[in-house]
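>>> with the sequence up front, the predicted model follows.
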Number of protein chains: 2
Amino acid sequence: MISEHMKPLVAGNSAIRAMFEEGRRMAGEFGAENVYDFSLGNPNVPAPKEVNEAIVDIIENEDSHKVHGYMPNAGHPEVRKAVADNLNGRYGTDYTAENVIMTVGAGSALNVMLKTILDPDDEVIVFAPYFVEYRSYISNYYGKTVELETTGDEGFMPDPDKLASLINERTKAVIINNPNNPTGVIYPADVIAKLAGVLLAKEKEIGHSIYLISDEPYREIAYDGARVPWLPDFYQNTIIGYSFSKSLSLPGERIGYVLVPSQIEGADEFIAAATIANRVSGDVNAPSLIQLAVARCLDAKVDVDFYRKNRDLLLEIMDLAGFEYVKPEGAFYLWVKSPVDDDKEFVQAGKKEHILMVPGSSFAGPGYVRLSYCVSKDMILRSKDAFLRLGEAFK
Amino acid sequence: MISEHMKPLVAGNSAIRAMFEEGRRMAGEFGAENVYDFSLGNPNVPAPKEVNEAIVDIIENEDSHKVHGYMPNAGHPEVRKAVADNLNGRYGTDYTAENVIMTVGAGSALNVMLKTILDPDDEVIVFAPYFVEYRSYISNYYGKTVELETTGDEGFMPDPDKLASLINERTKAVIINNPNNPTGVIYPADVIAKLAGVLLAKEKEIGHSIYLISDEPYREIAYDGARVPWLPDFYQNTIIGYSFSKSLSLPGERIGYVLVPSQIEGADEFIAAATIANRVSGDVNAPSLIQLAVARCLDAKVDVDFYRKNRDLLLEIMDLAGFEYVKPEGAFYLWVKSPVDDDKEFVQAGKKEHILMVPGSSFAGPGYVRLSYCVSKDMILRSKDAFLRLGEAFK
């Protein structure tokens, strides 16, 4: 007797779960080495050694009550200060501990921000294709997801006029994911500036703030010298959700933060409400030990070049197999055009070659598939012949 | 521009926050050793050494990808199996890993259960006085909190007839907290059996399940041989939220679980929905490293006798000062009758003696105050004269 609200989620979940189970079944039947699983965004690069060194040092040298006990709901003050200081050093900003709320990963960071601002029937604009969980997050607060479609012809950049046309008095926020999952594109400064212009004009028109929620778990995963713009420099009412899942390969530890710059309208009230949202969600606070550990590793980095090499290897294979794609500038996803209109048909054909891909329709991006290349180089090499056969099948 | 939904929470939060700030201010003004802070449930007993040994061993000997990476949303299968096996050994049950969903503490466990079952305007019954966050948790899903008042004359036991009178077709669940925060009472088997009888009859009458949500973070903190009944033995549709915060002194680490016994109606669908609720809340999964660590420490215990000694010491002081109280059988809270009707007036008088207590009205239990005795023995000893003066003032 589950809630009406959960029923569609349970029904919709079965497709993705079926894929995972299919992957496990295939690994069992054909051997794990003969299955090419590009479906999951679970980083293959280990956490930098600094993280584990920090954990052991904290456990061995700090007081148990401090390490494992409650701290203020927004997180350890010195951790929040370290995060603020680190951002200040990189972006020339002047954030303090007060601007940072430690959260249970970026997923909770987004939920904290959305809970803070949304009442039922409020609208949030997302740029499709997008991380499909945004829809669930918005629905948690009975909000409405409004999709701004972007296309391959536009390089998956959002059109400012389209954005303007979607905003009305119920619009509370726009979510931007930079670099983007699933396309791997980075929205550059000129695009951001145009979007900011639209938002600013629309705020005046509708008479209330529109928050730009920047979801930045891939901020550090950028290639070929590409730079992810710092959005608060472009738009006053920007709030940021961050995760250490990718930058420090800690996705299972659930550690991230919300940054609420003091420049946003009603910053003090927003910070107070977001801190309460973090608490009453049941999270109470971000996990303590890992908070203390990441604070010591803010300049540690996973090996981004590992992902860059994986990307280049996979692109070579795509070229040989004759598939079209968007060359990713960031994150670790490759967005490949399905050679047939129905991307699910392409995914099924891939499965016959033991290749696991996620259909683009799962990201509101039909006609494409997503390949995660946060996998072992060896698996990519082994997958080559399978991709070539798959390419042949669609010639 | 925060949501209408969050505004009352922000307004209501200021009173409790003001108390914490007052405590900090007083510690600064009078010296920490001259302030007697009984306001917080932050365990003073350190985590058992097994926990830290497990963490270091896991970090040094397990694969980084396993330790810090994603696992199934419900948690590491072997951790869930260990939890199930441990419960089976203690309660003669036959749970499997499938029945256990690891969560970000008991707060998230409660939210996962409530999200799974509640639609807007659904009702959840709580026994007052109660942990005030239940109201926020129920409100997260736009549900309605219905209070069943219990009184000191009844030993704070819920009256079965009152329970029956509060149930209607919108009733989805009853939350029970055993041992109870803030009263420290344990609901014994005969009381549970009567409540179960009412729920069973009412389920038939209204034609749908009523879940008994048992919130058990204090399950292991019981004194003088008192035993906390295992509720699934009494009522089919019991689901349990647990936390290692108190039993292993890890409140800041946010680690707990939901137990969904297979005996409940629609168990498979409930487990699927609860697993999704855990994911879409943004938590995704419980923190990985600490999951692995607690699985190795399921038989480790904090020193419950430390709390028992604290309790007895505090009771002696209460007797000397002439305060009435409920002798706690579990948890680490003492529920003291305010010598004046207005418990806030009593709290204010306590502050003048540098004693920090939480007013009972914060637990929907006016006329009482809550003292947490998960504090240092030394602080209790030092507080004696202040309590004696406070007692004098109300004679």
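Great, that's in hand. Numbering: from 1, shown residues only, chains lettered A, B, ... in the order given.
>>> around chain B, which positions in the stretch 201-350 of chain A sit nearby?
A:208-209, A:249-255, A:265-266, A:269-270, A:272-273, A:276-277, A:279-290 (CB under 8 Å from any CB of the partner chain). Quick note: C-beta positions are derived from backbone N, CA and C, even for glycine.
>>> change it to 7 Å
For the stretch 201-350 of chain A, the residues in contact with chain B (CB under 7 Å from any CB of the partner chain) are A:208-209, A:249-254, A:265-266, A:269-270, A:272-273, A:276-277, A:280-285, A:287-290.
>>> would you mark the buried spots in stretch A:142-153?
Neighbour-count burial for stretch A:142-153, counted by 16 or more other CB atoms under 10 Å in any protein chain shown, picks out A:142-146, A:148, A:150.
>>> that should have said stretch A:219-236, apologies.
So, applying 16+ other CB under 10 Å, buried residues of stretch A:219-236: A:219-223, A:228-232, A:234-235.
>>> have a look at chain A and report the helix or strand with the lowest mean pLDDT.
When the helices and strands of chain A are compared on mean pLDDT, DSSP states H and E, helix A:7-30 comes out lowest with a mean of 80.
>>> could you name the helices and strands sitting against it?
Contacts defined by 3 or more CB pairs under 7 Å, 6 or more residues apart in numbering or on different chains; DSSP states H and E place helix A:7-30 against helix B:267-278.
>>> quick one on the thing from earlier: which of the buried residues of stretch A:219-236 sits closest to chain B?
Set against chain B, the nearest of these by CB to the nearest CB is residue A:235 (15.1 Å).
>>> backbone torsions only: list them for the closest residue in space to the closest one that isn't next to it in sequence.
For residue A:235, ignoring the flanking residues on the chain, the nearest one in space by CB to CB, 6 or more residues apart in numbering or on different chains is residue A:196 at 3.9 Å. The phi/psi pair for residue A:196 (degrees, to the nearest 10) reads phi -60, psi -40.
>>> for residue A:137, same thing?
Residue torsions, per degrees, to the nearest 10, at residue A:137 are phi -60, psi -50.
>>> quick check: pLDDT value at it.
pLDDT for residue A:137: 97.
>>> also the one 4 residues further on?
Among the per-residue scores, residue A:141 holds a pLDDT of 97.
>>> circling back to that earlier point, mind checking if the following helix or strand past the least confident helix or strand of chain A is in reach of chain B?
Scanning forward in sequence from helix A:7-30 by DSSP states H and E, the next helix or strand is strand A:36-37. No: Strand A:36-37 does not reach chain B (CB under 7 Å from any CB); its nearest approach is 13.0 Å.
>>> contacts for the next helix or strand after strand A:36-37, please.
Downstream of strand A:36-37, the first helix or strand assigned by DSSP H and E is helix A:49-61. Residues from elsewhere that reach helix A:49-61 (CB atoms under 7 Å, 6 or more residues apart in numbering or on different chains): A:67, A:248, A:250, A:289, A:292-293, A:296-297, A:300, B:52, B:55-56, B:59.
>>> farthest pair within the residues you listed?
Of all pairs drawn from the contacts of helix A:49-61, the greatest distance, 22.9 Å, lies between A:300 and B:52 (CB to CB).
>>> higher neighbour count, the two?
residue B:52 (21 against 17; other CB atoms under 10 Å in any protein chain shown).
>>> for residue A:170, which non-adjacent residue is closest in space?
residue A:123 (4.6 Å).
>>> hang on, the earlier thing: from the buried residues of stretch A:219-236, which shows the smallest pLDDT?
Lowest pLDDT among those: residue A:220, 92.
>>> next, that residue: secondary structure please.
Here residue A:220 is recorded as coil under DSSP: H, G, I helix; E, B strand; the rest coil.
>>> show me where the stretch 51-200 of chain A has helices.
A:64-68, A:77-91, A:105-117, A:133-140, A:160-166, A:189-206 (DSSP state H, counting those that start in this stretch).
>>> pull out the buried positions in the least confident helix or strand of chain A.
Neighbour counts using 16+ other CB under 10 Å place A:9-10, A:13, A:19, A:23, A:26-27 of helix A:7-30 among the buried residues.
>>> now do the residue nearest to residue A:235 against residue B:168, distance only.
Going from residue A:196 to residue B:168 by CB to CB, to the nearest Å gives 51 Å.
>>> so these two - more neighbours on which side?
The neighbour count for residue A:196 versus residue B:168, taken as other CB under 10 Å, is higher for residue A:196 (19 against 11).
>>> and the gap between that one and chain B?
18 Å (CB to the nearest CB, to the nearest Å).
>>> again, but for residue A:350
Residue A:350 sits 22 Å away from chain B, going by CB to the nearest CB.
>>> which ones are touching the residue nearest to residue A:170?
So, once contact is read as CB under 7 Å, 6+ apart, residue A:123 ends up touching A:143-144, A:146, A:170-172.
>>> what does residue A:315 give?
Counted by CB under 7 Å, 6+ apart, residue A:315 has contacts residue A:327.
>>> using the three-state scheme, assign it.
Relying on three-state DSSP, one would call residue A:315 helix.
>>> where does it land on pLDDT?
98.
>>> and what of the one 4 residues further on?
With respect to pLDDT, residue A:319 has a value of 98.
>>> residues of the helix or strand containing it that come out buried?
Counting by DSSP H and E, the element that carries residue A:319 is helix A:304-321. Within helix A:304-321, the residues scored as buried using 16+ other CB under 10 Å are A:304, A:306-308, A:310-311, A:313-315, A:317-318, A:321.
>>> ok now the helix or strand that that helix is followed by, how far from the chain's centre?
Remark: after helix A:304-321, the chain's next helix or strand is strand A:325-326, criterion DSSP H and E. Remark: strand A:325-326 is offset 19 Å from the chain centroid, using CA atoms, centre = their mean, to the nearest Å.
>>> what do you get for stretch A:47-64?
The chain centre lies 27 Å from the centre of stretch A:47-64; the measure is CA atoms, centre = their mean.
>>> was I right about residue A:282 contacting residue B:115?
No: counting by CB atoms under 7 Å, residue A:282 sits too far from residue B:115 to count as a contact (9.4 Å).
>>> hmm, back to that, most tightly surrounded among the helices of the stretch 51-200 of chain A?
helix A:105-117 (a mean of 29; mean count of other CB atoms under 10 Å in any protein chain shown).
>>> quick one: that helix to helix B:7-30, angle?
Angle of helix A:105-117 versus helix B:7-30, following axes from the mean of the first three to the mean of the last three CA atoms, to 10 degrees, is 110 degrees.
>>> what helices or strands is helix A:105-117 leaning on?
Taking 3+ CB pairs under 7 Å, 6+ apart as the contact cut, helix A:105-117 packs with strand A:100-103, helix A:133-140, strand A:211-215, strand A:238-243, strand A:256-259, helix A:267-278.
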